[in-house]
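Asker: I would like the atomic coordinates for the input below:
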Amino acid sequence: MLAIVTSHPIQYQAPLWRELAGDGSVPFEVWFLTPHAVAPSLDREFGQTFAWDLDLLSGYPHRFLDIEAGWRLDRFDGVRLKSTWTQLLRDSGVTALWIEGWRFRTLWAAVAAARALGIPVWLRGENNDLAPERLAKRLWKRIALRWYFARIDWFLCIGTANRRFYSRHGISADRMVAAPYCIDNARFSAASQTLRPTRPMIRGSWQVDPGAHCVLYCGKLIPKKRPQDLQAAVRRLGRVDGRPVHILWVGDGELRNSLSRAREGAETCSTFAGFLNQSQMPAAYVAADCVVLPSDYGETWGLVVNESLASGTPAIASNRCGCAEDLAAPQGPAHVFPCGDVDALASSIASVLRSPPSAERMQALIDTHAPRRTVETVIVLAHGTS
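Answerer: Numbers count the residues shown, from 1 in each chain. Below is the predicted model of the structure:
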């Protein structure tokens, strides 16, 4: 049996687990460390306690591991098992172990236990090679990850920058396999098709003028995501072909008040929709003419770009987002801009609003990042290690 260890039920992982269960050729079970976001939980960056409003648990085998009380997802030692990994792996008859990242000490213990038992280990992480690091941190990180990576049999690569990250840590190409980062493409596509006839009403509910272009920002309003760059770019842009540009802000965080104050007295039109749960998100993508992800280093991927394309809405990303090379750039050269360059972002927005990519191009891109692509890789690996 393949055991998949992940921090908690996550909205963009559940479709992958369901796709794998639907295939039926690989016996597996997903092991959750915590119930975060299934039970109401505090997200410190959003500044809210919430639970996702989608069913994230049906359609695939899973269990919640028995952990000590007082767990924290923001600490390396924040999750502690009550039993040992050796006992858990042995008693469950695990023949392969899939680990999601290395952010918790307990994941390192799981890898060590699997190696001691002769169980092959697969790793899927989000890290990329885009962010610079201080020399001291880089040396420490290399030493620690050398130990960790030496115990991994297969590296499931979510994209180009992720693959380069492993290469720079000495992982050979023959240990890396494709596992493109994905979401529930079908859900966003179906919802957008259903909602599109009501687009004028949706835009009106967020005070978007019928004659305006609508640019969507979707994410936490925090410094590393640089929402202020979008605000400055739209202000500098003014109008595009005589039409005003309206920013629809979806999300919340520490920068909301400063963004709201900066809006006062300016010609830029904007609406703060606040935090929207998963079932509400397709409406935001339908309302928009394009999505902008202006994030700095730390945006290891940017799944809002997947969601946008699956909804039929083009997306722009900074060159420091993990998805830039795989999902933004293939839409066209205007879809990637140098992070922090407000003039370049303004130019990108104008270009994409005037000449968006075809629906066929967006569909082809999102098809390469569908859950099935990773399932195909898992089947090959599982049959090779069973």
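Asker: which SSE is W249 in?
Answerer: Taking DSSP states H and E as the definition, W249 sits inside strand 243-250.
Asker: Name every strand pairing with that strand and say which way it goes.
Answerer: Using DSSP bridges, strand 243-250 pairs in its sheet with strand 213-218 (parallel), strand 239-240 (antiparallel), strand 269-274 (parallel).
Asker: so which of those strands comes closest to L88?
Answerer: Using CB to CB as the measure, strand 213-218 is the one of the strands paired with strand 243-250 that comes nearest L88, at 37.6 Å. Placement of C-beta: from N, CA and C, glycine included.
Asker: and the next element down the chain from the closest one?
Answerer: Remark: after strand 213-218, the chain's next helix or strand is helix 227-237, criterion DSSP H and E.
Asker: Kindly state the pLDDT recorded for R263?
Answerer: pLDDT recorded at R263 is 64.
Asker: which ones are touching W31?
Answerer: By CB atoms under 8 Å, 6 or more residues apart in numbering, the contact set of W31 is 3-6, 62-65.
Asker: ok so, going back, tell me which of the strands paired with strand 243-250 is the most buried.
Answerer: Of the strands paired with strand 243-250, the one with the most neighbours on average (mean count of other CB atoms under 10 Å) is strand 213-218, at a mean of 26.
Asker: mind exporting that strand as PDB, just the C-alpha atoms?
Answerer: The C-alpha coordinates for strand 213-218 follow below in PDB (Å, rounded to 0.1, in the frame of the first residue of the first chain):
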ATOM      1  CA  HIS A 213     -12.100  46.300 -17.600                       C
ATOM      2  CA  CYS A 214     -11.900  44.100 -14.400                       C
ATOM      3  CA  VAL A 215      -8.600  43.000 -13.100                       C
ATOM      4  CA  LEU A 216      -8.700  40.400 -10.300                       C
ATOM      5  CA  TYR A 217      -6.300  40.000  -7.400                       C
ATOM      6  CA  CYS A 218      -6.900  36.800  -5.500                       C
END
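Asker: how far does that strand sit from the chain's center?
Answerer: 18 Å (CA atoms, centre = their mean, to the nearest Å).
Asker: Give me the contacts around it.
Answerer: With CB under 8 Å, 6+ apart as the test, strand 213-218 has contacts from 203, 208, 227, 230, 234, 240, 243-251, 281, 284-285, 287-292, 294, 304, 307-308, 313, 349, 353.
Asker: Give me the buried entries from the residues you listed.
Answerer: By neighbour count, with 16 or more other CB atoms under 10 Å, those hold 203, 208, 227, 230, 234, 240, 244-251, 281, 284-285, 287-292, 294, 304, 307-308, 313, 349, 353 as buried.
Asker: ok, back up a step: just the residues contacting the strand holding W249, thanks.
Answerer: For strand 243-250, contacts defined as CB under 8 Å, 6+ apart pick out 206, 208-209, 211-219, 221, 227, 230-231, 234, 237-239, 256, 259, 267-276, 281, 284, 287-288, 349, 353.
Asker: if we go to 6 Å?
Answerer: If you take CB atoms under 6 Å, 6 or more residues apart in numbering as the criterion, strand 243-250 is touched by 206, 208, 211-218, 234, 237, 269-273, 276, 284.
Asker: Thanks a lot, see you next time.
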